Structure formats: structure tokens, C-alpha cells
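Q: mind looking at a prediction? Sequence and model below.
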Amino acid sequence: MIDKTSFKLIILFIAVLVLDQATKYIALSSLTLGQPVPVLGDYLRWTLAYNPGGAFGMRLGGPNYYLITSLIVFVILLFYVIKNRKVSFISIPLAIVSGGAAGNIIDRFRFGEVVDFIDCEFPDISIASYHLDRWPIFNIADMAVSCGIIVTIILMMYHSKKAPAQSEDNSLSTPETM
């Protein structure tokens, strides 16, 4: 039988995955590849694109490289979620990351690349010879992965600073009580 905490993590994982796949289905059925549809002028547009590489369109290898790497990272994420399921500040954001990772893995199996459609304006970035005029097109899975990782890092830093102070007064919570 699945305990209540694990059930909540599974629901969170599935919610992210379903939201990602549903929005990609809508994008695929209603958008034309490379043709922007303004939502908030040029600041936010829906633009269907396929990303055969990694984050920000980086290409460190072929499609199989990204599929295999994604699968390995996904398995590691699931291990950490399961192992730390009683530690909410780790398991919740990692369940969100896992749901996003699963969404992009499904795309890689189905299409050999990831379906992207959210197109946002961002202040121009110029560093040495690198110039970014517009944020790379992304999807719900990418947002889940990015936000989940950022939240995980912030919470881990917060809890690592908090732990020494708590241990001094013997009030440090065990993972089972969190």
C-alpha cells in the first residue's frame, strides 16, 4: 500500500506531466511551426518549435545522447524522491522536476526532440561573443525542471544554515517528523 506522502508526490508528478503533455498537444494541434502567435504583444508569444538538444538549445551530442542522459538523470531523480519522500523540502520540488523531466523524455521518444512553444521577450544579454536577443522557446516541463531545481537549491541552502542553530538547542527534526 502506498503511504499518504508518497501518494501526494505521485499526484504532483502526474499533474506536472499531464499539464505538460496537454499543453504540448494543444500547441501541436493549433500552432504552425515557427509562426509566432502574439499573446501579450511581442512580450509573450506562442511559437511552435522543436529542440533536438538540451537546455537553451545546446547540442553536446546527438538525439540519443540527450535521451540516454535524460533517462539516467530521471532514474536518479526518482531514487532521490523515493529515498527522501518524508522530507518535504526535498521530495516536493524534486517530484516537480521529475514530472517535467518525464514530459520531455516522452517527447524525445515520440518525436526525437522536445516540443517547445512558450516564447518570451527577455532583456538582451551580451557576454563576450555570446548574444541573446530573446529567451529560448520553452515548455511547461522546462519551467517545472527549472523552478523545481531553483526551489530545491534555495531550500537546501536554507535548511543547511538552519541545521547548526537547531542542533545547538536539540530541536533538529528528523526526516520522519517533517
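A: Now that the structure is in, tell me what you want to look at.
Q: can you give me the buried ones in whichever helix in the chain runs longest?
A: In the chain, with assignment by DSSP state H, the single longest helix is helix 140-168. Using 16 or more other C-beta atoms under 10 Å as the burial criterion, the residues of helix 140-168 that qualify are 140-145, 148, 151-152, 155. In short, each C-beta sits where N, CA and C put it, glycine included.
Q: now do the contacts for the residue nearest the centre of the chain.
A: Geometric centre of the chain, nearest residue: residue 145, 1.3 Å, by C-alpha atoms, centre = their mean. Neighbouring residues of residue 145 by C-beta atoms under 8 Å, 6 or more residues apart in numbering: 97, 100-101, 104.
Q: where do the strands of the chain begin and end?
A: Along the chain, counting by DSSP state E, strands occupy 37-40, 44-51, 114-120, 125-127, 130-132.
Q: and those strands, which is most packed in?
A: strand 114-120 (a mean of 22; mean count of other C-beta atoms under 10 Å).
Q: can I get that strand in PDB, CA atoms only?
A: C-alpha atoms of strand 114-120 as PDB (Å, rounded to 0.1, in the frame of the first residue of the first chain):
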ATOM      1  CA  VAL A 114      11.400  18.200 -27.400                       C
ATOM      2  CA  VAL A 115       8.300  20.200 -28.300                       C
ATOM      3  CA  ASP A 116       8.500  23.900 -27.200                       C
ATOM      4  CA  PHE A 117       6.000  26.700 -27.600                       C
ATOM      5  CA  ILE A 118       6.300  29.400 -24.900                       C
ATOM      6  CA  ASP A 119       8.200  32.400 -26.500                       C
ATOM      7  CA  CYS A 120       9.100  35.200 -24.100                       C
END
